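A.B. asks: can you look at this prediction? I've put the sequence above it.
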Amino acid sequence: MRYLLTGEQMKACDSTEIRHYGVPSIVLMERAGENHIEPISRREAMFETMMLGLRTTAGVSEAGFFKMHGVPLEAVYGKKLRRIAAAGLLSHEDGRWALNRRGMDLQNSVLVELMDEST
């Protein structure tokens, strides 16, 4: 499975041209040699950004998130990120949120917390 992002992040995959038609983000899946495009919601696209970014040591850039989704990271995940940071799993430096060593060990729990819309 490959993820294609919106706007300037959008890239063609395997020389297949894919155009953006107002869908917040798309997923390109390869099945049996065929390409299928599946639209995902704006909320799913924002979560994908968090999931993929927090799996790296660089983390997620607030500016990059805003550029990609048009909404401040703080507005979507601020309360949860502060709670996770207070638990000692996440750091916030120079406009970036990143899991620390302990957070990386527990990243699936962190991602479940970010995915849960009720908290």
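C.D. replies: That came through, no problem.

A.B. asks: so which residues of the chain form helices?
C.D. replies: Assignment of helices within the chain using DSSP state H yields the ranges 42-54, 62-69, 73-86, 101-105, 107-115.

A.B. asks: got JSON lines for those, with mean neighbour count too?
C.D. replies: The way it works is simple: take the backbone N, C-alpha and C, and place the C-beta from them, glycine included. Formatted as JSON lines, the helices of the chain follow (neighbours: other C-beta atoms under 10 Å):
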{"stretch": "helix 42-54", "mean neighbour count": "18"}
{"stretch": "helix 62-69", "mean neighbour count": "17"}
{"stretch": "helix 73-86", "mean neighbour count": "16"}
{"stretch": "helix 101-105", "mean neighbour count": "13"}
{"stretch": "helix 107-115", "mean neighbour count": "15"}
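
A.B. asks: with adjacent residues omitted, what lies nearest to Ile84?
C.D. replies: Closest residue in space to Ile84, ignoring its immediate chain neighbours: Leu90 at 4.5 Å, by C-beta to C-beta, 6 or more residues apart in numbering.

A.B. asks: in stretch 87-107, what's buried?
C.D. replies: By 16 or more other C-beta atoms under 10 Å, the buried positions in stretch 87-107 come out as 89-90, 96-99, 103, 107.

A.B. asks: over to Ser41: give its phi and psi.
C.D. replies: Main-chain torsions, Ser41, degrees, to the nearest 10: phi -70, psi 160.

A.B. asks: likewise Asp116?
C.D. replies: In terms of degrees, to the nearest 10, the main-chain angles of Asp116 are phi -70, psi 110.

A.B. asks: number of nearby residues for it?
C.D. replies: Using other C-beta atoms under 10 Å, the number of residues around Asp116 comes to 9.

A.B. asks: separation between it and Met50?
C.D. replies: 12 Å (C-beta to C-beta, to the nearest Å).

A.B. asks: the residue nearest to Ile84 contacts Gly103, doesn't it?
C.D. replies: Yes - with contact defined as C-beta atoms under 8 Å, Leu90 counts as touching Gly103 (5.3 Å).
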